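> Just need the structure, nothing else, for what follows:
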Amino acid sequence: MEPAKLPQETPNIKRPLPHNVEGIPTPTGTIPAEIYRARRHKLMEEMGSGVALIFSADHVGDGHRQDLDFYYLTGLEFESGAALLLAPEDPQYKEILFLSPLDVEDNRWHGNRPILGRAIELGTGIAKVLRTTLLPRMLTNAVLNTANRELVYLGAMVGYTSPIPKQLQVLRDASARILNSRIVDGHEYLPRMRSVHDEHEISIMRKAVDITVEGFRRAMQNVRPKMNESELQYVFESYFRQQGSHCNAYRPIVGSGLNSCVLHYGQNRKIMRDGELVLCDVGCEYEMYASDITRTFPVNGKFTARQAEVYQVVLNAWKAAVAAVKPGVTWVELNDIARKVIDDAGFADDYFHSLGHFVGLNVHDAGLQREPLKAGMVITIEPGIYLANEEIGIRIEDDVLVTETGCEVLSANCPREIAEIEAIMAK
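Next up, the predicted model:
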């Protein structure tokens, strides 16, 4: 299949720069438009035939993120109400971007949006850009031009009590009106693609991890008894913002004492006491990519004998699992390796979550956990033990890159050994 056409510059219309004042939609961050084009081409090669539709988020900003499949294929972080049509069998336009209608009055309130033209084609890297008012007709035409009249569903499968995803509902509505058409399952294509990262993504994720690691080092050096959990959260976040991270990758967990045993604790308002542990599960987002690190350390800078005993078991489980990470290994195998260490130490009922997950554009990113690991995947390894009756909750979590020969712990510089943690806290 030939790649989709790229728009060409003309003498009077040049490719816009990122964050241009004209409001032309362009990929944000450092990944060039050509990479997004290559992703779309690869996806269409996987599809082979049929027509697929990916929607952007209806609202972006004010706490609402872009749809991650749409972003992965376009790089358009702030374009809401848009859609991407992929038609690998079309002889002319295999990809069409649909942008929401232009409202010139709204420009005063939310920023300039230009009329359609070559500048937008150059900015997006997509040769055919239309308004969403034309989407119903163009979708029908695209399906009629396929050999088997197939509409490919690329979204996630959901339970029967969940709302029907917009993408699936639109395909169902279109199929009901196009004779002899049918919806085919393509829900694994994008998770499989997104879980294996290219060099551009890995570079961005390294940056996100490095920022988060330094945030942890500063938190360990600044924590003290009688400090509020929210103050410690601020230590992380103020550094993140200084380094160009515009938001957290997820809601931070800063839980001391009994709160360290609450897996999804999020209030972060308790006063930390001398002798307690504090569990910090925090990660920054950088250029839309997440980091995810957890460390548990003593509020006063010194582990008690019991705290150190339990901590070492978790650390041993972490080491055993990380040592086994390589292409071809399965999540089940990694889980069993970590769990055996914890079970053998007598804490079988005190470790009640899975070992890890994929990391990428989302902190719990798309991926197929039943399939063996591949080089280029970034996963977390995060065993834990939670003893609520002793107010000891310990989790150690790192971002791990699967390599051709094994793995690389991206967050290796974040203090992990007991002596290492106590040393940095003593400074």
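> Now do the strands in the stretch 201-350 of the chain.
For the stretch 201-350 of the chain, the strands identified by DSSP state E, counting those that start in this stretch occupy 247-248, 253-256, 277-282, 284-286, 289-290, 293-298, in order along the chain.
> for the last one, packing partners?
It stands for strand 293-298. Helices and strands in packing contact with strand 293-298 are listed as helix 199-222, strand 277-282, strand 392-395, helix 418-426; criterion 3 or more C-beta pairs under 8 Å, 6 or more residues apart in numbering; DSSP states H and E. Backbone N, C-alpha and C define where each C-beta goes, glycine included.
> Over to the second one?
Packing partners of strand 253-256 (3+ C-beta pairs under 8 Å, 6+ apart): helix 229-242, strand 277-282.
> With respect to Glu408, which of the strands of the stretch 201-350 of the chain lies nearest?
Comparison of those against Glu408 by C-beta to C-beta identifies strand 293-298 as nearest, at 14.8 Å.
> mind listing what Leu361 touches?
With contacts defined as C-beta atoms under 8 Å, 6 or more residues apart in numbering, the neighbours of Leu361 are 68, 71-72, 194, 288-290.
> redo that, cut-off 7 Å
Residues counted as contacts of Leu361 (C-beta atoms under 7 Å, 6 or more residues apart in numbering) are 68, 71-72, 194, 288-289.
> now do Ile164
Counting by C-beta under 7 Å, 6+ apart, there are no residues that Ile164 touches.
> Tell me the spacing between it and Asp173.
From Ile164 over to Asp173 the distance is 10 Å, taken as C-beta to C-beta, to the nearest Å.
> Could you look over the helices and strands packed on strand 253-256 and pick the most buried one?
The highest mean neighbour count among those belongs to strand 277-282 (a mean of 26), with neighbours defined as mean count of other C-beta atoms under 10 Å.
> and that one with helix 199-222, angle?
Put simply, strand 277-282 runs at 150 degrees to helix 199-222, going by axes from the mean of the first three to the mean of the last three C-alpha atoms, to 10 degrees.
> what comes into contact with strand 277-282?
For strand 277-282, contacts defined as C-beta under 7 Å, 6+ apart pick out 212, 215-216, 219, 223, 232, 236, 252-256, 260, 272, 293-299, 307, 392-395, 397.
> Report the central residue of the protein.
The residue at the geometric middle of the chain, judged as the C-alpha nearest the mean C-alpha position with C-alpha atoms, centre = their mean, is Asn362 (1.7 Å).
> Settle this for me: that residue is touching Leu68, isn't it.
Yes: using C-beta atoms under 7 Å, Asn362 is in contact with Leu68, at 5.8 Å.
> For the stretch 301-427 of the chain, which residues score under the pLDDT cut-off?
Low-confidence segments of the stretch 301-427 of the chain, defined by pLDDT under 70: none present.
> ugh, wrong one, the chain
Judged by pLDDT under 70, the chain has its weakly predicted residues at 3, 17-21.
> tell me the helices in the chain, going along the chain?
Under the criterion DSSP state H, the chain contains helices at 33-47, 68-74, 107-110, 118-124, 135-144, 166-175, 189-194, 199-222, 229-242, 305-324, 331-344, 418-426.
> Show me which residues of the fifth one are buried.
It stands for helix 135-144. Going by neighbour count (16 or more other C-beta atoms under 10 Å), the buried part of helix 135-144 is 135, 138-139, 142-143.
> Contacts for it, please.
Counting by C-beta under 7 Å, 6+ apart, 51, 53, 83, 85, 87, 90, 96, 98, 130, 149, 151, 174, 178, 181 sit against helix 135-144.
> Among these, name the buried ones.
51, 53, 83, 85, 87, 90, 96, 98, 130, 149, 151, 174, 181.
> Mind putting the residues you listed into CSV with distance to Arg40?
CSV is the format used below for the buried ones among the contacts of helix 135-144 (distance: C-beta to C-beta, whole Å):
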residue, distance to Arg40
Val51, 13
Leu53, 13
Ala83, 13
Leu85, 11
Ala87, 11
Asp90, 13
Ile96, 11
Phe98, 14
Leu130, 16
Arg149, 22
Leu151, 17
Ala174, 21
Ser181, 23
